[in-house]
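S.K.: Structure for the following, please:
(chains A and B)
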Protein chains: 2
Amino acid sequence: MTLSTTTLSTAAPPPPILPGKRLLIPADAPLKLDSGATLGPVTIAYQTYGTLNAARSNAVLVCHALTGDQFVAEEHPITRKPGWWETLVGPGRVLDTGRYFVISANVVGGCMGTTGPKEIDPSTGRPYGLNFPVITVGDMVRAQKRLVDALGIEQLFCVVGGSMGGMQVLQWAAAYPEAVYAAIPIATAARHSAQNIAFHEVGRQAIMADPDWRGGDYQAHGTRPHRGLAVARMAAHITYLSETALHRKFGRNLQDRDALSYGFGADFQVESYLRHQGSTFVDRFDANSYLYITRAMDYFDLARDFGGQLADAFRGTRTRFCVVSFTSDWLFPTAESRSLVHALNAAAANVSFVEIPTDKGHDAFLLDEPELFAVLGGFVEGCAERRGLKS
Amino acid sequence: MTLSTTTLSTAAPPPPILPGKRLLIPADAPLKLDSGATLGPVTIAYQTYGTLNAARSNAVLVCHALTGDQFVAEEHPITRKPGWWETLVGPGRVLDTGRYFVISANVVGGCMGTTGPKEIDPSTGRPYGLNFPVITVGDMVRAQKRLVDALGIEQLFCVVGGSMGGMQVLQWAAAYPEAVYAAIPIATAARHSAQNIAFHEVGRQAIMADPDWRGGDYQAHGTRPHRGLAVARMAAHITYLSETALHRKFGRNLQDRDALSYGFGADFQVESYLRHQGSTFVDRFDANSYLYITRAMDYFDLARDFGGQLADAFRGTRTRFCVVSFTSDWLFPTAESRSLVHALNAAAANVSFVEIPTDKGHDAFLLDEPELFAVLGGFVEGCAERRGLKS
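M.R.: Residues are numbered from 1 along each chain as shown, chains lettered A, B, ... in the order given. Just a heads-up that it's a prediction; the model follows:
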């Protein structure tokens, strides 16, 4: 009978030298983390597109999702694919780089140049691994604030992101309301649900179950927990799509065959697709970063930081909000956005809310979704006029 | 920082001696499988409850789901928990064992006494492992038919089951219409969806990624792929519950602590619950059986066997159908049952269809769900009267 498993190299490749900009947060002014720990020095890897105007009033911060990074609007140096949000960011796009100064930074705990578990701990000379402190969405945003300050920007014109990027948008608006003129949280929630924590836990257990993970110390052992990370990615990837999208794309279609093989190979296209998602992901992502960033999402609960009242996170805010959800997103369903909008309304905030009909699921925010572009285009243009940014 | 992973013994325990009844399908009259292979000898492990009447007209076949077995209405010999459907089967229950003769058999490919990959292949003297042929729901039902024939039962009064059990019910009704007086497919579908295949594939990849799986030959190596199987179970378990049920049961409640640990231990109750589900499952289930049975479900597509027309599977049937779905079941959503009902209607079959409102998700069919009992009770009673079974 046919048998095929994901065959992956587990040897560690040489660390890639990533292009792009860096900010150093020095050890003598470290990041203070929500856990109580401090972290420093910290390198923040970031990219910018467009030009900051003289008034420093046209900056847009793009916050990335769990497996995203700072390469928003340019070819990715590792995957050689287009930037992950070129549909939205670029010349003539909604976030027009001829008009706005777009910034995006790899989150703390990430693996694309910003300090995370795979980087060297200066106190030991060895990779942090699990000695890296657990970080939160608050910590990610605190690091971004240091970057924005260093760039001399007092107020961002707009902070925008989907999924975990949307969590960061909300955190920015809550923690630094004066620094955010407009906020666009997309396909997100003010807290991570039990189901989402459960899916993350499955991914983490898959990674930790891989003997090549070595208690998180795989770099020292010259191994990589590729198999566990691939399984984690496969499980997560299902949640990014809708049942309808999976049915439309794949249905029960067979992969490169006319009949069932009566084996465990990838008979169905959907199996082949998932295996591909798993095996390509491990080439660009670090397993420990996956643990830390999923944990940060699990921990996100904005109301908790404000005495259990989400509205209090936004009390007195002057930020303009545009909340967007997608009908077929079951990872961050519309009900979550609606709760958020209720809280914003309770805080008398300026908020628009649009639920976009699509069958593409959670991933819709990354895809060619004309209604999303129309909604964001209208909102951003209106804000730009009010802010006095010439077109 | 706190770190806790699932710690599981990977040594193989001695094979348990399982109580219960056995039917031997001899090597000289083997099962003919859908793959074209034959399988024999085959042992069918089964249990019965109640007494077969003189007319042999009161037999009810209960078909189990992916991880179920034949211990429907009695303490499980391994887990020491109550039978998995004691809510429905027993004295005075809907399937009253004082009135009906209830039969349940472990499926072919299973691991609770019926021949499956962990049993000895008589042609080699070693466990089948991946030499076991890939089986289908059709094969499972073909084996059950042999058992029912051996018990001298020409027509089952009722065939009932949920999830994969419901697939078997449909297969029975399609393959042996004269042998099924009444059929109750619950929380099921006439074909496995792309999303469900995807979730199964994640589970299989988790098992195959475990080095202790040893290419399926773990018994010979004295190992057991406990970690991979636990991850597979955790991922699957999420799909058995609804988002609402997870929120109601666990929400973001912490487990045995007052504050976040800033670590990778089970901070949240939902994590602790999932880990428990994974670690207890491996004590009672065989990893290769998990591969084979999930594959059988993936392959299930009743219309395919009838030229693509599901209605043709039921053309001319005299069986009475009661189709049941649950509002919050996203693994086998109501739309699947509705398609089935449309096909049954197109075949002019006698069918009732009830969608039961519940927030318990797919697992509702196993739980204390009074409306389910009321619906099934009414249907079974009506059929019994027509069939002339005295109460």
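
S.K.: and residue A:39, how many neighbours does it have?
M.R.: A total of 22 residues lie near residue A:39 under the criterion other Cβ atoms under 10 Å in any protein chain shown. Backbone N, C-alpha and C define where each C-beta goes, glycine included.

S.K.: wait, I meant residue A:19
M.R.: Counted with other Cβ under 10 Å, residue A:19 comes out at 11.

S.K.: Touching, it and residue A:76? I think so.
M.R.: No: taking contacts as Cβ atoms under 8 Å, residue A:19 lies outside contact range of residue A:76: 10.4 Å.

S.K.: in the stretch 51-200 of chain A, which spans are helices?
M.R.: Assigned by DSSP state H, counting those that start in this stretch, the stretch 51-200 of chain A shows helices spanning A:137-150, A:164-175, A:194-209.

S.K.: Next, count neighbours for the residue nearest to residue A:274 when sequence neighbours are not counted.
M.R.: Using Cβ to Cβ, 6 or more residues apart in numbering or on different chains and skipping the chain neighbours, the partner closest in space to residue A:274 is residue A:234 (4.8 Å). Using other Cβ under 10 Å, residue A:234 is surrounded by 29 other residues.

S.K.: and residue A:234, what element?
M.R.: Using DSSP states H and E, residue A:234 maps to helix A:226-240.

S.K.: Quick check: the gap between residue A:156 and chain B.
M.R.: Per Cβ to the nearest Cβ, to the nearest Å, residue A:156 is found 28 Å from chain B.

S.K.: er, residue A:68 I mean
M.R.: 22 Å.

S.K.: Residue A:168 is in contact with that residue, correct?
M.R.: No: counting by Cβ under 8 Å, residue A:68 stays clear of residue A:168, with 10.9 Å between them.

S.K.: so what's residue A:21 up against?
M.R.: A:45-48 (Cβ atoms under 8 Å, 6 or more residues apart in numbering or on different chains).

S.K.: where does it fall, phi/psi-wise?
M.R.: Main-chain dihedrals, residue A:21, degrees, to the nearest 10: phi -90, psi 150.

S.K.: Now do it against residue A:202, distance only.
M.R.: From residue A:21 across to residue A:202, the span is 36 Å (Cβ to Cβ, to the nearest Å).

S.K.: mind listing the strands for chain A?
M.R.: Taking DSSP state E as the test, the strands found in chain A are A:21-25, A:31-32, A:38-39, A:42-49, A:59-63, A:89-90, A:95-96, A:101-105, A:120-121, A:126-127, A:156-162, A:180-186, A:320-326, A:350-356.

S.K.: Include mean pLDDT when you put the ones you listed into JSON lines, please.
M.R.: Shown next, in JSON lines, are the strands of chain A (pLDDT from 0 to 100):
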{"stretch": "strand A:21-25", "mean pLDDT": "97"}
{"stretch": "strand A:31-32", "mean pLDDT": "98"}
{"stretch": "strand A:38-39", "mean pLDDT": "98"}
{"stretch": "strand A:42-49", "mean pLDDT": "98"}
{"stretch": "strand A:59-63", "mean pLDDT": "98"}
{"stretch": "strand A:89-90", "mean pLDDT": "98"}
{"stretch": "strand A:95-96", "mean pLDDT": "98"}
{"stretch": "strand A:101-105", "mean pLDDT": "98"}
{"stretch": "strand A:120-121", "mean pLDDT": "95"}
{"stretch": "strand A:126-127", "mean pLDDT": "96"}
{"stretch": "strand A:156-162", "mean pLDDT": "98"}
{"stretch": "strand A:180-186", "mean pLDDT": "98"}
{"stretch": "strand A:320-326", "mean pLDDT": "98"}
{"stretch": "strand A:350-356", "mean pLDDT": "98"}
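
S.K.: In a markdown table, list those strands along with distance to residue A:341.
M.R.: Converted to a markdown table, those look like this (distance: least, Cβ to Cβ, whole Å):
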| stretch | distance to residue A:341 |
| --- | --- |
| strand A:21-25 | 34 |
| strand A:31-32 | 31 |
| strand A:38-39 | 34 |
| strand A:42-49 | 30 |
| strand A:59-63 | 19 |
| strand A:89-90 | 25 |
| strand A:95-96 | 23 |
| strand A:101-105 | 26 |
| strand A:120-121 | 42 |
| strand A:126-127 | 42 |
| strand A:156-162 | 16 |
| strand A:180-186 | 10 |
| strand A:320-326 | 5 |
| strand A:350-356 | 5 |
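
S.K.: Nearest to residue B:105 among those would be which one?
M.R.: The minimum distance between residue B:105 and the strands of chain A falls on strand A:320-326, with 44.9 Å, by Cβ to Cβ.

S.K.: now the angle from the closest one to strand A:156-162?
M.R.: In terms of direction (axes from the mean of the first three to the mean of the last three Cα atoms, to 10 degrees), strand A:320-326 departs from strand A:156-162 by 10 degrees.

S.K.: Strand partners (parallel or antiparallel) of strand A:320-326?
M.R.: strand A:180-186 (parallel), strand A:350-356 (parallel) (DSSP bridges).

S.K.: tell me the most buried of the ones you listed?
M.R.: Mean neighbour count (mean count of other Cβ atoms under 10 Å in any protein chain shown) peaks for strand A:180-186 among those, with a mean of 26.

S.K.: Please save the CA atoms from that one in PDB.
M.R.: C-alpha atoms of strand A:180-186 as PDB (Å, rounded to 0.1, in the frame of the first residue of the first chain):
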ATOM      1  CA  VAL A 180      -3.400  57.000  17.200                       C
ATOM      2  CA  TYR A 181      -5.600  59.200  15.000                       C
ATOM      3  CA  ALA A 182      -7.300  56.300  13.300                       C
ATOM      4  CA  ALA A 183      -7.500  52.600  14.100                       C
ATOM      5  CA  ILE A 184      -8.500  49.700  11.900                       C
ATOM      6  CA  PRO A 185      -8.900  46.400  13.700                       C
ATOM      7  CA  ILE A 186      -9.800  43.700  11.100                       C
END
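
S.K.: hmm, who's touching that strand?
M.R.: By Cβ under 8 Å, 6+ apart, strand A:180-186 touches A:155-163, A:165-167, A:169-170, A:172-173, A:319-325, A:337, A:340, A:365, A:372, A:376, A:379-380, A:383, A:387.

S.K.: Show me the longest helix that occurs in chain A.
M.R.: helix A:370-387 (DSSP state H).

S.K.: Not counting that one itself, show me its contacts.
M.R.: So helix A:370-387 is contacted by A:57, A:87-88, A:94-95, A:99, A:157-158, A:160, A:181-182, A:184, A:186, A:320, A:322, A:324, A:352, A:354, A:356-358, A:364-365, A:391 (Cβ under 8 Å, 6+ apart).

S.K.: how about that helix: buried residues?
M.R.: Neighbour-count burial for helix A:370-387, counted by 16 or more other Cβ atoms under 10 Å in any protein chain shown, picks out A:372, A:375-376, A:379-380, A:383-384, A:387.

S.K.: The closest residue to residue A:247 other than its chain neighbours: how many residues sit nearby?
M.R.: Of all residues not flanking residue A:247 in the chain, residue B:194 sits nearest, at 5.2 Å (Cβ to Cβ, 6+ apart). Residues within reach of residue B:194, counting by other Cβ under 10 Å, total 25.

S.K.: confidence score at residue B:194?
M.R.: Looking at residue B:194, its pLDDT reads 97.

S.K.: go on, residue A:391?
M.R.: 72.

S.K.: what about residue A:66, how many neighbours?
M.R.: 20.

S.K.: What's the separation between it and residue A:84?
M.R.: From residue A:66 to residue A:84 the distance is 12 Å (Cβ to Cβ).

S.K.: for residue A:190, same thing?
M.R.: 24 Å.

S.K.: Could you tell me how far the residue nearest to residue A:247 is located from residue B:240?
M.R.: Distance from residue B:194 to residue B:240, by Cβ to Cβ: 18 Å.

S.K.: can you pull the contacts of the nearest residue to residue A:41 once chain neighbours are set aside?
M.R.: Leaving out its chain neighbours, the residue that sits closest to residue A:41 by Cβ to Cβ, 6+ apart is residue A:27, at 4.5 Å. Taking Cβ under 8 Å, 6+ apart, we find residue A:27 in contact with A:40-41, A:122.

S.K.: Nearest to residue B:142 among these?
M.R.: When the contacts of residue A:27 are compared against residue B:142 (criterion: Cβ to Cβ), the nearest one is residue A:122, at 66.3 Å.
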